[in-house]
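Participant: Pasted the sequence and its predicted model underneath.
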Protein chains: 2
Amino acid sequence: MLAELIMVGTELLLGEIVDTNSAYMAQQLAELGIDLYYVTRVGDNRGRIAGLVQQAYQRADLVIIAGGLGPTTDDLTKEAVADAFGLGMELCPGALAAIEKRFDLLQISMSDNNRKQAYLPAGAEALPNPKGTAPGVLLEPDKRKAVIMLPGVPVELRAIMNESVIPYIKERLGEKGVGIIYSRVLRFYGLGESNLESMIQDIIEVQSNPTIAPYAGSGEVRLRITAKAASEAEAVALIEPVEKQLVARLGAYFYGYGDEGMETVVARLLLSQGQTVALAESCTGGLISHKLTNVPGSSEYYMQGAVTYSNLAKESILGVDPSLLVRYGAVSDEVARAMAAGVRQWAGTDIGLSVTGIAGPGGGTEKKPVGLVFVGLSHAGGIEAYRHQFVGDRLQVKERAALAALDILRQHLLGSVTQ
Amino acid sequence: MLAELIMVGTELLLGEIVDTNSAYMAQQLAELGIDLYYVTRVGDNRGRIAGLVQQAYQRADLVIIAGGLGPTTDDLTKEAVADAFGLGMELCPGALAAIEKRFDLLQISMSDNNRKQAYLPAGAEALPNPKGTAPGVLLEPDKRKAVIMLPGVPVELRAIMNESVIPYIKERLGEKGVGIIYSRVLRFYGLGESNLESMIQDIIEVQSNPTIAPYAGSGEVRLRITAKAASEAEAVALIEPVEKQLVARLGAYFYGYGDEGMETVVARLLLSQGQTVALAESCTGGLISHKLTNVPGSSEYYMQGAVTYSNLAKESILGVDPSLLVRYGAVSDEVARAMAAGVRQWAGTDIGLSVTGIAGPGGGTEKKPVGLVFVGLSHAGGIEAYRHQFVGDRLQVKERAALAALDILRQHLLGSVTQ
């Protein structure tokens, strides 16, 4: 099966938005084993969209168009698709009911513009949008091929892809008896892409099915293991021995799978061990706490935390000895330890985790440059501190410090913390 | 002048790389006032690249192709362009000398593959690459239109754009006496895209230069005002009266410009007024604190905050009366007020800001559904609470609650908070 993507939106042609949707959709299609030859970006122009849809429908079996389903007058995708196939527009009562229900839930009044979102090209089917008002649209002009329209808001596009489009494609692929491409992503923290690759070069080289591809994420590395097979079960059977070999080689650098972030892995360990944790954050400013509370059920292991930005807050809340702050400075091994011990006592938890550092852009010195971060860990068995030097802007330093602190907590819970 | 972009690389079609090059080039072209109707992504396939180049050369005056200039066998862009115009390949001695010089500088030996990078379509000119080995290429097949090839490595692409391509375009434009496109983005919080549009429909309709385009962001709406003019100063003079009219109409919904988030606007207000704030976060779990500390210099107005996830933490840290928690529940107007007052006292700040709510997916009831959030605000003039009902998953509820709380703080600082 051959697919083609059309990304609609004048903002994409002005360079104001980086198009992340098409990379996401391309990945999903690749995992299903669907070929993609062209991705085209076009502005909010009815005639040009219609022309591209006709061209793509000739070249491909499946055309997916993202963007231009909003309620405003420059949203023209559905009208352009109708033009491309000589169809009129029809009100879809089910789509209208879903939009009305959403406005009821939000307790706000619905404008006439939103009613426009319930009109579809004649003969098309609405695909429910669990995250917004614009339904996706499925049109099968001659029953052999499909044209799918999705809203451009990434969270809405992904929800409709997952709940409607991927199941639809799988069903169509099943009818044709085509094999699948299945992949599993392993996530690693604590070493760079080229170091990781050189550690497993021999394993990569002997593989043809599955294949192994490393790629760098934000402060971490991922390995995608991809197998071609007749079924998911067969693909998994090809992948698992290779996965075992990789995990054995890379040990504690491996932390999780797929979309599961470090915080989800840490949360699972805390829950399974019945342990609680409290956080004292200085330079991360609440980010670690935010990440840990992104995991549903976090109230089981996380009850309270403190953002102690000032020295005074470190003293009054965490009981850090003022003389430590004077002698070693707030960004030091000693203060990180005192903060971790202090927050553990303050909150009455099993574990205290602290971060103190220089996020920048100001505040760095020759001895303590921007990006210097200390993580403190206090638990029944003792108190430790870990020094990191990160590179990047303020947000990157915060993100990397948060990831480092969570990894230290993970390794502690696994009993594998090493200095 | 009309341009068209072709982005080459199979990795782009597998979704392994997010294409940031085309957003960069689109911005540069927009600033030069050059229209862009299509951007097409294609894999490393000689025939398909050649076909696209022919199509683009018919539609546009300037075709820029990025990617596929590397030394390996799957780099085929120059050969495909030569095919498109029926040209052979020729060694360019200047390009070869530049490549050899670069390898000398790096003190590494040059492979035969790198020699391939000095071959260009017959009649083309090399554009120097100050950051890598692959030169850019300029071809003017019939002297009226141009085809430019650039390497896909972002730092190399940008260097050649700046040093060769933009000067070339300016020279060509100067010959034609064409102006520029300039745009300004206004950001609004507190009303949906379609409501906003209907409030300013009359202003949008009478505009032709500048034009006004609304688009939805995450929990907010943006308006882009775009002017075509001979110079930036002239464009600004066209935009400003329209901007004033929009801001006057939309009042307190307007909060900022361009890339500046709500937290940056709030930070500026706090700094200019010399006020300090403390946060008591329950359902947002540290997110507001994280956002506020993303702004450099945040230690001037933010010293400490508490994440009080459990009822016990709300009592012991913030001094919330246990009877309020029993009578009204943790997610209530009364507890939000008590948290705001408590955190203000605890931290000794001018303002206390609190959030308590149900982020989901669990914990909702019929009376208090998932997405119900109360924001509390305590200051020298009194204590208020604001009720919100959000829709979305756990992360969306957290994000929207954080934005709502920051907007309440903003409106308070502007003296315009209304219930």
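Facilitator: Right, received. Where do you want to start?

Participant: OK, contacts around A:Val331?
Facilitator: A:283, A:356-358, A:368, A:372-374 (C-beta atoms under 8 Å, 6 or more residues apart in numbering or on different chains). In short, each C-beta sits where N, CA and C put it, glycine included.

Participant: could you measure it against A:Pro322, distance?
Facilitator: Computed as C-beta to C-beta, to the nearest Å, the A:Val331 to A:Pro322 distance reads 16 Å.

Participant: And A:Met262, by the same measure?
Facilitator: For A:Met262 relative to A:Pro322 (C-beta to C-beta), the value is 34 Å.

Participant: the more surrounded of the two?
Facilitator: Higher neighbour count among A:Met262 and A:Pro322: A:Met262, with 23 against 11, using other C-beta atoms under 10 Å in any protein chain shown.

Participant: What's the local residue count around the nearest residue to that one once chain neighbours are set aside?
Facilitator: Of all residues not flanking A:Met262 in the chain, A:Leu406 sits nearest, at 4.6 Å (C-beta to C-beta, 6 or more residues apart in numbering or on different chains). Residues contacting A:Leu406 under the criterion other C-beta under 10 Å number 23.

Participant: Then A:Gly286?
Facilitator: 33.

Participant: circling back: with only the CA atoms kept, save the helix or strand where the residue nearest to A:Met262 lies in CSV.
Facilitator: Element membership of A:Leu406 [criterion: DSSP states H and E] is helix A:394-413. C-alpha atoms of helix A:394-413 as CSV (Å, rounded to 0.1, in the frame of the first residue of the first chain):
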residue,chain,number,x,y,z
ARG,A,394,18.2,27.4,30.5
LEU,A,395,15.4,25.0,29.6
GLN,A,396,17.8,22.4,28.4
VAL,A,397,19.8,22.5,31.6
LYS,A,398,16.5,22.2,33.6
GLU,A,399,15.3,19.2,31.5
ARG,A,400,18.7,17.4,31.7
ALA,A,401,19.0,18.0,35.4
ALA,A,402,15.5,16.6,35.9
LEU,A,403,16.3,13.5,33.8
ALA,A,404,19.5,13.0,35.7
ALA,A,405,17.8,13.3,39.1
LEU,A,406,15.1,10.8,38.1
ASP,A,407,17.7,8.4,36.8
ILE,A,408,19.5,8.5,40.1
LEU,A,409,16.3,7.8,41.9
ARG,A,410,15.6,4.9,39.4
GLN,A,411,19.1,3.4,39.9
HIS,A,412,18.7,3.7,43.7
LEU,A,413,15.4,1.9,43.6
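
Participant: other SSEs contacting it?
Facilitator: Contacts defined by 3 or more C-beta pairs under 8 Å, 6 or more residues apart in numbering or on different chains; DSSP states H and E place helix A:394-413 against helix A:262-273, helix A:287-292, strand A:351-357, strand A:372-379, strand A:382-389.

Participant: Quick one: the ones you listed as JSON lines, columns for mean pLDDT too.
Facilitator: Compiled in JSON lines, these are given as follows (pLDDT from 0 to 100):
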{"stretch": "helix A:262-273", "mean pLDDT": "96"}
{"stretch": "helix A:287-292", "mean pLDDT": "98"}
{"stretch": "strand A:351-357", "mean pLDDT": "98"}
{"stretch": "strand A:372-379", "mean pLDDT": "98"}
{"stretch": "strand A:382-389", "mean pLDDT": "96"}
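
Participant: Just send the ones you listed back as a markdown table, with distance to B:Ala340 too.
Facilitator: What follows is those, written out as a markdown table (distance: least, C-beta to C-beta, whole Å):
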| stretch | distance to B:Ala340 |
| --- | --- |
| helix A:262-273 | 28 |
| helix A:287-292 | 19 |
| strand A:351-357 | 26 |
| strand A:372-379 | 30 |
| strand A:382-389 | 34 |
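
Participant: what's the closest of the ones you listed to B:Gly132?
Facilitator: Evaluated over the helices and strands packed on helix A:394-413, closeness to B:Gly132 peaks at strand A:382-389, with 28.4 Å, by C-beta to C-beta.

Participant: quick one: buried residues of stretch A:78-89?
Facilitator: Across stretch A:78-89, burial judged by 16 or more other C-beta atoms under 10 Å in any protein chain shown covers A:78-85, A:87.

Participant: The stretch 51-200 of chain A: helices as residue ranges?
Facilitator: Per DSSP state H, counting those that start in this stretch, the stretch 51-200 of chain A has helices spanning A:77-84, A:93-106, A:112-116, A:154-160, A:166-176, A:193-199. These are given in chain order.

Participant: Contacts for the fourth one next, please.
Facilitator: Right, helix A:154-160. By C-beta under 8 Å, 6+ apart, the residues outside helix A:154-160 that reach it are A:20-21, A:24-25, A:66, A:127-132, A:134, A:136, A:150-151, B:396.

Participant: so which of these comes closest to A:Ala3?
Facilitator: Distances from A:Ala3 to the contacts of helix A:154-160, taken by C-beta to C-beta, are shortest for A:Met25, at 8.6 Å.

Participant: So the nearest residue to the closest one once chain neighbours are set aside: helix, strand or coil?
Facilitator: The shortest distance from A:Met25 to any non-neighbouring residue, by C-beta to C-beta, 6+ apart, is to A:Leu5 (6.0 Å). Using DSSP: H, G, I helix; E, B strand; the rest coil, the structure places A:Leu5 in strand.

Participant: show me what contacts A:Leu5?
Facilitator: So A:Leu5 contacts A:22, A:25-26, A:36, A:38-40, A:63-66 (C-beta under 8 Å, 6+ apart).

Participant: ok, so of those, who is nearest B:Ile169?
Facilitator: A:Thr40 (22.8 Å).

Participant: Now do the SS call for that closest one.
Facilitator: Going by three-state DSSP: A:Thr40 is strand.
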